[in-house]
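Asks: predicted model, plus sequence, below.
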Amino acid sequence: MLLDLLILFFSSLIIGYSGALMPGPVLIVTINESAKKGFKSGFYVSIGHALLELILVILLTFGLAEILSLKPIVALIGFLGGIFLSWMAYNILKDTLRRKISLNFDIGSNDHKMGSMALGIFTSLFNPFWLIWWVTVGLSLLLWSLEFGIIGVFAFYFGHILSDVSWYGLVSFAMARGKRFMSEKVYRALLIFCGATLIFFSIFFIENGLYNLL
């Protein structure tokens with residue numbers, strides 16, 4: 001069981017990095033906050049993001065997940081999760097190989113007066129791609145984690161959140177210090193690895209969907 005939990009943890013971590021590394025609203029807010037107010041403010045954005053996802057995981061675990069664990073629904077979730085991961089992998093690999101993704105972000109201005117944690121919550125909550133991810137990929141991982149009980153849910157959640165907090169923390173630290181700690185080549189190599197890994201998981205989720213239809 002320990003090996004299965006470790007596989008679940010690192011699977012959640014790798015899939016989490018695939019999403020966290022891609023430029024998006026939370027990343028841009030992290031850059032803005034850390035560049036203007038220092039490392040802690042940027043880091044608190046990721047904490048707000050993590051708190052929102054904790055609430056969602058709790059709701060799914062103690063209510064909605066039971067309804068959605070019916071075999072036909074699990075099969076549908078598996079198919080949708082696999083398709084969404086394939087789409088993510090395609091876009092990650094395509095944009096990386098075409099050098100459309102860069103660490104040179106346009107910080108821009110930020111007139112929000114709410115706290116950094118609140119920014120992390122709202123930029124996640126109102127991001128349609130975040131909602132799609134949790135309805136498809138996130139729920140598939142959660143249903144897998146429920147096979148091991150509450151300890152499985154912890155393994156999934158902390159694996160997923162570690163990817164967000166570590167990456168956004170690194171970005172916050174780099175922006176606050178005013179210099180880069182990661183080269184473009186390393187960044188692109190990470191994205192290629194994550195994209196290739198997503199292909200494997202997309203096949204796994206689709207296979208799981210077929211299994212639940214039998």
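Replies: Received the coordinates, thanks. Residues are numbered from 1 along each chain as shown.

Asks: quick check: mean pLDDT of stretch 150-163?
Replies: Stretch 150-163 shows a mean pLDDT of 93 in the predicted model.

Asks: please identify the buried residues of it?
Replies: Buried residues in stretch 150-163, counted by 16 or more other Cβ atoms under 10 Å: 152, 153, 154, 155, 156, 157, 159, 160, 161, 162, 163. Every residue, glycine included, has its C-beta placed from N, CA and C.

Asks: and if you look at stretch 14-27?
Replies: Residues 14-22, 24-27 are the ones in stretch 14-27 that count as buried (16+ other Cβ under 10 Å).

Asks: so where is this protein shaky, pLDDT-wise?
Replies: Applying pLDDT under 70 to the predicted model, the residue ranges of the chain that meet it are 23, 35-36, 65-69, 101-114, 128, 176, 178-182.

Asks: this structure: helices as residue ranges?
Replies: For the chain, the helices identified by DSSP state H occupy 2-20, 25-37, 39-59, 65-67, 71-97, 116-125, 128-133, 139-146, 150-177, 184-213, in order along the chain.

Asks: number of residues surrounding residue 78?
Replies: The tally of other residues near residue 78 (other Cβ atoms under 10 Å) stands at 25.

Asks: cool, and residue 129?
Replies: Residues within reach of residue 129, counting by other Cβ under 10 Å, total 14.

Asks: what do you get for residue 59?
Replies: Counted by other Cβ under 10 Å, the residues lying close to residue 59 total 11.

Asks: and for residue 31?
Replies: Neighbouring residues of residue 31 were enumerated by other Cβ under 10 Å; the total is 23.

Asks: I'd say it and residue 173 touch.
Replies: No: because the distance of 11.7 Å does not satisfy Cβ atoms under 8 Å, residue 31 is recorded as not touching residue 173.
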